[in-house]
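In: Need coordinates for the following:
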Amino acid sequence: MGYMLRTALLLGVLTGLLLFLGNVIAGQTGMLIAFIIAALMNFLSYWFSDKIVLSMYRARQITPEEAPKLHSMVEELARKANMPKPPIYLVPMEQPNAFATGRGPGKAVVAVTRGILEILDEDELKGVLAHEIAHIKNRDVLIASIAATIAGAISMIVNWLQWALIFGWGRDEENNNPLSIVGSILLIIITPIIAAIIQMAISRSREYLADETGAKLCGCPLSLARALEKIHNYAMQVPAKVNEGTAHLFIENPLKGEGLWELFSTHPSTEKRIARLMEMARRMGQGL
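Out: Down below sits the predicted model:
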């Protein structure tokens with residue numbers, strides 16, 4: 001309950017930022033336009049997020065005949081999670097990774113990359129699939145989609161604000177004084193950072209929760225820990241062309257970097273995730 005309340009609060013702050021920016025640009029009219037944009041984006045993300053993401057990565061559905069073991073694992077994990085078995089998609093990507101997208105149980109899919117099927121053993125793959133099914137069970141896929149679309153709308157409105165400053169446009173004459181212009185410039189700088197931090201907080205919280213839920217579903221936290229370590233090491237070596245707006249959907253951040261980039265990652269550090277899973281394994285009496 002605490003997690004869902006925290007997530008609802010963060011999404012509310014994102015929406016508030018969006019409306020505030022609309023107000024800065026064009027007063028009540030701007031707020032109304034911002035509200036319409038938020039509503040439209042939330043509608044599209046709710047009903048079509050899975051189709052949009054799968055199309056973006058040229059994913060195709062895998063049949064039970066093609067991968068009987070894969071389907072068997074997903075069916076077993078879905079049964080343990082008390083939810084319908086989600087369709088499975090293959091992403092033609094060499095980097096080992098996986099994600100879930102959609103609205104929730106019965107309305108979501110699990111996608112795995114070609115690379116992940118090549119490097120993980122059966123137990124490790126089961127741990128990854130359990131993590132993604134946990135995202136569906138916890139309805140994280142819907143939360144992540146809405147957060148991403150609102151953050152995207154904030155970026156778009158900040159763009160408008162930049163153009164408004166360039167052409168000297170404001171909602172009234174008062175907005176054209178130097179103090180107002182300085183305030184608008186500060187908003188352009190600060191607002192996207194705030195939106196990124198809020199989105200990051202949502203993503204990091206849900207990754208920890210999905211690790212814990214997934215480890216319980218597969219019954220072996222160490223399998224997921226080993227999988228995360230392998231995926232992390234390969235992701236550092238094998239680059240992937242990924243839309244930044246969807247990076248938070250993957251089990252491991254597919255966009256790797258150094259220094260400050262890691263500070264703004266949508267995922268908690270792999271080392272911390274592995275440490276938590278190892279502690280969980282100790283509590284369950286499993287040997288390391």
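In: Helix or strand with the lowest mean pLDDT in the protein?
Out: When the helices and strands of the chain are scored by mean pLDDT, DSSP states H and E, helix 260-263 comes last with a mean of 48.
In: quick one: contacts of the following helix or strand past that helix?
Out: Downstream of helix 260-263, the first helix or strand assigned by DSSP states H and E is helix 270-283. With contact meaning CB atoms under 8 Å, 6 or more residues apart in numbering, helix 270-283 is reached by 207-208, 211-212, 215, 220-222, 224-225, 228-229, 232, 252, 288. Bear in mind the C-beta positions are built from the backbone N, C-alpha and C, glycine included.
In: Could you pull out the buried residues of helix 270-283?
Out: Applying a neighbour-count criterion of 16 or more other CB atoms under 10 Å, one finds 270, 273-274, 276-277, 280-281 buried in helix 270-283.
In: try stretch 103-112
Out: Here stretch 103-112 shows 103-105, 107-112 as buried, counting by 16+ other CB under 10 Å.
In: How about stretch 65-76?
Out: The neighbour-count check on stretch 65-76 (16+ other CB under 10 Å) flags 67, 70-71, 73-74, 76 as buried.
In: and the gap between the nearest residue to Asp211 once chain neighbours are set aside and Val109?
Out: Leaving aside its sequence neighbours, Asp211 sits nearest to Arg273 (CB to CB, 6 or more residues apart in numbering; 5.6 Å). Remark: distance between Arg273 and Val109 (CB to CB, to the nearest Å) = 23 Å.
In: Please, where are all the strands along the stretch 151-288 of the chain?
Out: In the stretch 151-288 of the chain, no strands are found when defined by DSSP state E, counting those that start in this stretch.
In: Can you list the low-confidence ranges for the stretch 151-288 of the chain?
Out: Applying pLDDT under 70 to the stretch 151-288 of the chain flags residues 151-153, 155-157, 159-188, 191-203, 245, 256-266, 287-288.
In: So which elements touch the lengthiest helix in the chain?
Out: Determined from DSSP state H, the single longest helix within the chain is helix 2-56. Helices and strands touching helix 2-56, as assessed by 3 or more CB pairs under 8 Å, 6 or more residues apart in numbering; DSSP states H and E, comprise strand 98-102, strand 108-113, helix 140-166, helix 178-218.
In: Following the chain onward from it, which element is next?
Out: strand 60-61.
In: after that following strand comes which helix or strand?
Out: Once strand 60-61 ends, the next helix or strand along the chain (criterion: DSSP H and E) is helix 68-80.
In: what angle do that following helix and strand 108-113 make?
Out: Put simply, helix 68-80 runs at 140 degrees to strand 108-113, going by axes from the mean of the first three to the mean of the last three CA atoms, to 10 degrees.
In: Angles on the backbone of Pro254, please.
Out: According to degrees, to the nearest 10, the main-chain angles of Pro254 amount to phi -80, psi -10.
In: where in the stretch 1-150 of the chain is pLDDT low?
Out: 1-11, 14, 25-26, 42, 145-150.
In: rerun at 90
Out: For the stretch 1-150 of the chain, applying pLDDT under 90 flags the ranges 1-53, 56, 102-104, 138-150.
In: Would you mind giving the secondary structure of Glu94?
Out: The three-state label given to Glu94 by DSSP: H, G, I helix; E, B strand; the rest coil is coil.
In: The residue nearest to it when sequence neighbours are not counted sits in which helix or strand?
Out: Closest residue in space to Glu94, ignoring its immediate chain neighbours: Gly115 at 4.7 Å, by CB to CB, 6+ apart. In the assignment (DSSP H and E), Gly115 maps to helix 114-119.
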